[in-house]
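S.K.: After the sequence you'll find the predicted model.
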Amino acid sequence: MSRITERFQQLRARGRTALIPFVTAGDPTPAVTVPLMHAMVESGVDLIELGVPFSDPIADGPVIQRATERALAHDVSLDDVLEMVREFRTRDASTPVLLMGYLNPIEVMGYATFAAKAQAVGLDGALIVDAPPEESHELVQTLKAHDLDLVYLLAPTSNEARIVRIGEVASGFVYYVSVKGVTGAGHLDTTAVAEHVELIKSLIDLPVGVGFGIHDPAAAARVARVADAVIVGSAIVSRIEALAATPERIQGAVGDFLAGLRRAIDEVSNDVS
Amino acid sequence: MSTVSGLRSSASSDGPGAARSYHWPDASGHFGPYGGMFVPETLMHPLEELRAAYERYLGDPEFLAELDADLRDYVGRPSPLYHAERWSRELGGAQIFLKREDLNHTGAHKVNNTIGQALLARRMGKTRIIAETGAGQHGVASATVAARLGLECVVYMGEVDIARQKANVYRMRLLGARVVSVTSGSRTLKDALNEAMRDWVTNVDNTFYIIGTVAGPHPYPAMVRDFQAVIGREARAQILERTGRLPDALVACVGGGSNAIGLFHPFIEDGAVAIHGVEAAGDGLATGRHAAPLCAGRPGVLHGNRTYLMEDARGQIVATHSISAGLDYPGVGPEHAWLKDTGRAHYDAVTDEEALAAFHHLTRTEGIIPALESSHALAYVQKLAPTMRKDQTIIVNLSGRGDKDMHTVAQHDGLVL
């Protein structure tokens, strides 16, 4: 069983909704990332999404675009990100880590090389934003052969046939994009999200995480009522951006923000149980 | 040919004995390993809707009749095939024929495609169109059809391109479009495309994204090609009428590659016709400052398709350079990647200096001021024609006119207008 699947089973047994933060690896500098990952675990997160910087992030809004540019200013590559995972694993053997990014750096490295390296450093899976199931048959087979999960996106525009198809290839969990838009976008319609998550759960048997547009504890709590995981990216990255000139303050600020989200989510989870 | 667009006749048969063996893309939108639909999940369903609508209207006589009438009465098709006798004589080799896409309404081939996509947008009930633009020609062509059909229009354009194509920016604004300056990344065409994709993901319910070239996710490369193939169908009929036989060579510039594929496509199965695509070598391929992914790049995934790219060893897309904003793009249409790998087409590159020399040469010998993009094709013809016999023929796509480039050329010559 993968570390991601195991983690969701533990959470379900405890009646707890997962909190998943996203940070761009190497933002604002490479030295910040691994200590920040440990600090986020101490603040109560259950799984970490680590963004791989790419020059042309078409699914990302301005906040994560700028994070990408800060990381690329330090030439942070896919190899560098995998090294960060290796370093993280020396002190944390249990928190799942998922890479999130775009296909081209993996294309250039080669699927087999990527999968072998990823397994060796203790990565748990990947979410490739621009690799829908139609284009990722070979990638998903290669990752599975190395015990890595491939997490797929589902969107408000995904119809039932697509949800079923994605459920057949995805593993670990599925990531429901709560709004039509890019990361960090607009406001979340909780009622529409609830309906979609219910539909997804009726069709496939994987945990459902919800992300995009969750900026504060209140929104996290509303999503926690319906989802298995609450995913928060831009709201964290904008805090990192504000402190880019004083990186020693990033861990504290992000930790406090995540602890607030954790409390809000747990209050709801406890209501349910 | 019974219709202006030619789409009706191509849908049924391509004429006597034309058993078509070239059938790309396949059903999943791939040209061999290239092409495809590498997009976020949110766009998969809209792309499927677009594919279904396009396939439906491609066989709809009413749609095709409207397209044909617009191409004839609004664009001014068919565009002439002009025998550049003086230029041919000076070069001392093959007879050169210019396909005069510069004479189209709005001054370039781009309008062939925007007319088609805008008619499709209206039939799909979309009220808002968006476009990306480099040189501004596609932006102008999109703003033009939007004005005519009463659709809201937003054009994304890199900050760098806005600075070097001021006249086209003003044209778009006159036509009622909102021009959004893109300040991310390299602030050129690729970043404008990124920003247009982000807009589309956000406003997918009411918005139609008019991609200006034969790149992007399926069905765009095939759809844009089909709208642009009117160039090659006309040229084929015109050269047969004029000379009684097919040309010996075709030449077109390749940025994303829509004017080139438009000329090439109807000739792909004519094996004796040599096909030459010309990329922008910028300061020279050896300098790294160029925009020639087919000549000096390698395959990767960008903007929804797998194709040749300008990228570094880690898979990051690198900055490109060309004096021509319309060729300043790190990718290329996936069908060109496939035509390169299969050897059906040959790709080469010419530098900024060579393109400028050809720009001046054609202007002085024929009284035709070409776009800097098209000047790359002309520069290649200047090398190719002298190696051929005087009874051989070349068709070169004069894809746009040079009015928009006055500022750039004057600046290069040390003048301020």
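M.R.: Everything's here; your move.

S.K.: going forward, measure contacts and count neighbours with C-alpha atoms only.
M.R.: OK.

S.K.: show me where pLDDT drops low in the chain?
M.R.: You didn't pick a chain, so chain A it is. A:270-273 (pLDDT under 70).

S.K.: that answer is for a different chain, and I need it for chain B
M.R.: Ranges of chain B meeting pLDDT under 70: B:1-4, B:8-20.

S.K.: Just give the closest residue to the closest residue to chain A within the stretch 101-250 of chain B, not the sequence neighbours.
M.R.: Using Cα to the nearest Cα, the point where the stretch 101-250 of chain B gets nearest to chain A is residue B:202, with a distance of 3.8 Å. Nearest residue to residue B:202 in three dimensions, chain neighbours excluded: residue A:181, at 3.8 Å (Cα to Cα, 6 or more residues apart in numbering or on different chains).

S.K.: Return the residues in contact with the residue in the stretch 151-273 of chain A positioned nearest to chain B.
M.R.: Per Cα to the nearest Cα, residue A:181 is where the stretch 151-273 of chain A lies closest to chain B, at 3.8 Å. Counting by Cα atoms under 8 Å, 6 or more residues apart in numbering or on different chains, residue A:181 makes contact with A:59, B:198, B:199, B:201, B:202, B:203.

S.K.: What of residue B:164?
M.R.: Residue B:164 sits next to B:407, B:408 when contact means Cα under 8 Å, 6+ apart.

S.K.: what separates it from residue A:189, distance-wise?
M.R.: Remark: distance between residue B:164 and residue A:189 (Cα to Cα, to the nearest Å) = 42 Å.

S.K.: What of residue A:79?
M.R.: For residue A:79, the distance to residue A:189 - Cα to Cα - is 38 Å.

S.K.: neighbour-wise, which of the two wins?
M.R.: Between residue A:79 and residue A:189, residue A:79 has the larger neighbour count (other Cα atoms under 10 Å in any protein chain shown), namely 17 against 14.

S.K.: Dihedrals phi and psi, that one?
M.R.: Dihedral angles of residue A:79 (phi, psi; degrees, to the nearest 10) stand at phi -60, psi -40.

S.K.: can you check the one 4 residues further on too?
M.R.: Dihedral pair for residue A:83: phi -60, psi -40, per degrees, to the nearest 10.

S.K.: neighbours of it, just the number please.
M.R.: Per other Cα under 10 Å, the neighbour tally for residue A:83 reads 17.

S.K.: surely it meets residue A:121?
M.R.: Yes: the pair residue A:83 and residue A:121 passes the contact test of Cα atoms under 8 Å, sitting 7.2 Å apart.

S.K.: Can you show me the strands along the chain?
M.R.: Chain wasn't specified; assuming chain A. A:18-24, A:48-51, A:97-101, A:125-128, A:149-150, A:152-154, A:174-177, A:208-211, A:229-232 (DSSP state E).

S.K.: not what I meant, chain B
M.R.: Under DSSP E, chain B gives strands at B:30-31, B:34-38, B:81-83, B:95-100, B:128-133, B:152-158, B:178-182, B:207-209, B:249-253, B:274-282, B:298-302, B:304-309, B:346-351, B:393-398.
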